[in-house]
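*Asks:* sequence and computational prediction follow.
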Amino acid sequence: MILLRLLGVGAVYGLGFMFIKSLFPEPFALLVLQGGDSSEGNLTVLSLVYMGVGLISGLVAAPLFGGLLLLRRGSGESQAPGSRLTLSLALALLMGVISGLLTIGAYATGILPTGGVLDPLRLIRASNFPTGTPLLVAWTIARDLLPAGLTGLFLSPVSGAMLQRLYASGRPRQQKRYEWEDV
């Protein structure tokens, strides 16, 4: 039951991320309508892959994040429930990291044509400095963190409550204590 809820939250976050990601770095939603070929290959395929990566990353990140929440809850590490915004941003940033890895994988496997302006592997392969390659890989992953963070920010009032309930479930509710009771 929890897995189905997490997949539902992942789908909501994935759709939100797909919509917001379709505006960064180019308006991919408009490129689907334009179609045709460009220096990046077929624009429809490029747009659909970028938006599909956003949806898939939401569906992958939500169960992973839910598992992390359940593990942390089971350890008894903290009794204070996380805020909606904090939990929502954490899920969204995990989603952004997964999206960056999936985007690199799409270029590495040949799903998207290499050599275009958006191709991160072109920059990574052209790196001449010892710290350049890891820095460029980190930058490629980090460029998805801005739209992911915006997704987490916008969806925290809507879906953050479910994450908060998941984090707090199974714990006994603590009774509020007031100073005058201790006297």
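*Replies:* Arrived safely.
*Asks:* who's in contact with the residue minimising distance to the centre of the chain?
*Replies:* In the chain, the C-alpha nearest the mean C-alpha coordinate belongs to Met95, at 1.6 Å (CA atoms, centre = their mean). Listed by CB atoms under 8 Å, 6 or more residues apart in numbering, the contact partners of Met95 are Tyr13, Gly14, Phe17, Ser57, Gly58, Ala61, Ala62, Ala148, Thr151. Heads up, the C-betas are built off the backbone N, CA and C, glycines and all.
*Asks:* shouldn't it be within a strand?
*Replies:* No. Under DSSP: H, G, I helix; E, B strand; the rest coil, Met95 sits outside any strand and is assigned helix.
*Asks:* which residue, other than its chain neighbours, is closest to it?
*Replies:* Closest residue in space to Met95, ignoring its immediate chain neighbours: Ala61 at 4.0 Å, by CB to CB, 6 or more residues apart in numbering.
*Asks:* now do the SS call for the one you found.
*Replies:* Once three-state DSSP is applied, Ala61 turns out helix.
*Asks:* how much space between it and Leu68?
*Replies:* Using CB to CB, to the nearest Å, one obtains 10 Å as the distance from Ala61 to Leu68.
*Asks:* ok, the two, which is more surrounded?
*Replies:* Ala61 (27 against 14; other CB atoms under 10 Å).
*Asks:* wouldn't that one be in contact with Ser88 here?
*Replies:* No. In this structure, Ala61 is not within contact of Ser88 by CB atoms under 8 Å, at 11.8 Å.
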